[in-house]
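Novice: mind looking at a prediction? Sequence and model below.
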Amino acid sequence: MSVKNFAVNFFLIFCITFVISILVSYLYSLIAHGSGYVDWSLSFRNGIIFGILFPLITNLNRSKK
């Protein structure tokens, strides 16, 4: 996997995960606590973690075949 390919995959997965985490934390806060609070640190952390892991897992699965 080239660095450019990894960077593109990281950016796409980071953005998708970041937006979904924002929506989930907002809806959870709204339903459970009655306030629309977004947990930005959790969303950013999830984006980074999944942005690194998913391209690596995809690369490992491709190399095994």
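Specialist: Done, it's in.
Novice: now the longest helix along the chain: buried residues?
Specialist: Criterion DSSP state H: the longest helix present in the chain is helix 3-33. Across helix 3-33, burial judged by 16 or more other Cβ atoms under 10 Å covers 6, 9-10, 13-14, 17-18, 21-22, 25-26. In short, each C-beta sits where N, CA and C put it, glycine included.
Novice: can you read off the pLDDT for Met1?
Specialist: What the model reports for Met1 is a pLDDT of 65.
Novice: so that it lines up with my notes, have the first residue be 25 from now on.
Specialist: In the new numbering, first residue 25, that becomes Met25.
Novice: show me where pLDDT drops low in the chain?
Specialist: Along the chain, segments meeting pLDDT under 70 span 25.
Novice: list the buried residues for stretch 53-69?
Specialist: Using 16+ other Cβ under 10 Å as the test for burial, stretch 53-69 gives 62-63, 67.
Novice: sorry, back to before: next SSE after the longest helix of the chain?
Specialist: The helix or strand immediately downstream of helix 27-57 is helix 64-88, counting by DSSP states H and E.
Novice: still on that earlier bit, mind putting the buried residues of helix 27-57 into TSV with distance to Ser87?
Specialist: Formatted as TSV, those follow (distance: Cβ to Cβ, whole Å):
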residue	distance to Ser87
Phe30	14
Asn33	15
Phe34	18
Ile37	19
Phe38	23
Thr41	24
Phe42	28
Ser45	29
Ile46	33
Ser49	35
Tyr50	38
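Novice: which residues does stretch 78-89 contact?
Specialist: Contacts with stretch 78-89, where a contact means Cβ atoms under 8 Å, 6 or more residues apart in numbering, come from 25, 30, 33-34, 37.
Novice: need phi/psi at Tyr61.
Specialist: Main-chain torsions, Tyr61, degrees, to the nearest 10: phi -100, psi 130.
Novice: residue contacts, it?
Specialist: If you count contacts by Cβ under 8 Å, 6+ apart, Tyr61 has them with 49-50, 53.
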